[in-house]
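In: Here is the input, now give the coordinates:
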Amino acid sequence: MKGLSLWSKIVFFINSLVAFLLLISYVLPYIPPKSFASLSVLSLGVPLLIMFNIIFFIYWLLRVRKQMLLSLIVLLLGWNYINSMYKFSASEAIADDANFSVMSFNVRLFNRFGWLPRKTVKQDILQFIKEENPDVLCLQEYRSGDPIDLKGYYNFNARQTKGVKSGQAIFSKFPIVNSGSLEFPNTYNNAIFVDVVKQKDTIRVYTFHLQSSGIQTDVEKLKEETSGHLFKQVRSTFKTQQEQVELFLAHKAKSHYKTIVTGDFNNTPYSYIYRVVKGDHFIDTFEEAGNGFGKTYNFKYFPMRIDFILADKDFTVNGFKTYDLKLSDHYPIKTTLKLH
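Out: Now for the predicted structure:
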């Protein structure tokens, strides 16, 4: 660091720390939260770490300093992370008679407790669904006690199904020939699935809502929380999510159908949870055909993508869209697929 002023030395020290944390984050998807929950919490901050490293790289580049290589090398090593955070170009939607669409949307109980200052949220969501007209619709935080009716759709758990927790529902224009639920213990969360028949093919569709950390989305209220309490809360949540995902994976392993997984993961693409669900067999439809940050959760100043539609590699992804629709604390997403 010869030739650097005191100020530049301080900046480079901070730069080195941020670069190191980003480098460490690259191994987080391979570390089970049960083994090292404290480290897993770092995955939530990956978008910020990427942004800070880009800023440091530009800072040193403008000063024509070799220190720019530190952040540049770390960013290049994690290029897949950047691609997961931001899609620089979207694939054009490809029209095909064999296409069908899948939508996932956490509807936040249709604004039951008045989070949004409007009284027509449920009606507006219904109108949105009718306009978009997805072939398969997966809803999380759905109130079966206040059901919706969609003409032309079969459904599972749209009204309370005996022995199945409320909270998730699947609607399908294709006939449903089988359905069921995975009841996660000690929580209101669960996963449900349906087997639908499209022409001669049977397709399994899962939707789930993994454990939530319960962290405030309002930044001002979040400031009132102690860092220790937040840290402990997130660690506990990640451990519970791992247990829930293990139940899901065991269930999925028994099926031989081509599969689509949708839902609110309550975790990021940089997490162990996401990696083990996606595995080697699924495509992240946003990464394949999305655009921009793909933000699915309304967290101020922070592009959180925690809702996903994953599809078997037997499917071709012919389109993806994230809707900037403020009818929940989540944004709906839809993909267009074609079965090979």
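In: Check which strands are paired with the strand or helix carrying Phe308 and give the direction for each one.
Out: Using DSSP states H and E, Phe308 sits in strand 307-312. Its sheet considered, strand 307-312 pairs with strand 258-264 (antiparallel), strand 282-284 (antiparallel) by DSSP bridges.
In: what's next to the helix or strand just after that strand, contact-wise?
Out: Counting by DSSP H and E, the element after strand 307-312 in chain order, helix or strand, is strand 315-322. Applying Cβ atoms under 8 Å, 6 or more residues apart in numbering, the contact partners of strand 315-322 are 90-91, 93-94, 96, 99, 101, 258, 260, 283, 285-286, 288-292, 294-296, 309, 311, 331-340. For the C-beta atoms, the positions are set from N, CA and C on the backbone; glycine is no exception.
In: and the residues you listed, which of them are in helices?
Out: Thr285, Phe286, Glu288, Ala289 (DSSP state H).
In: quick one: the first one and Lys87, what's the gap?
Out: Looking back up the chat, that one is Thr285. 11 Å (Cβ to Cβ, to the nearest Å).
In: When those two are compared, which one has more neighbours?
Out: Set Thr285 next to Lys87 and count neighbours by other Cβ atoms under 10 Å: Thr285 wins out with 28 against 19.
In: just to revisit the earlier point, can you redo the strands paired with strand 307-312 as JSON lines with mean neighbour count and distance to Leu4?
Out: As requested, the strands paired with strand 307-312 are exported to JSON lines (neighbours: other Cβ atoms under 10 Å; distance: least, Cβ to Cβ, whole Å):
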{"stretch": "strand 258-264", "mean neighbour count": "23", "distance to Leu4": "46"}
{"stretch": "strand 282-284", "mean neighbour count": "20", "distance to Leu4": "41"}
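In: now these in TSV, with mean pLDDT?
Out: Listed next are the strands paired with strand 307-312 as TSV, based on pLDDT from 0 to 100:
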stretch	mean pLDDT
strand 258-264	98
strand 282-284	97
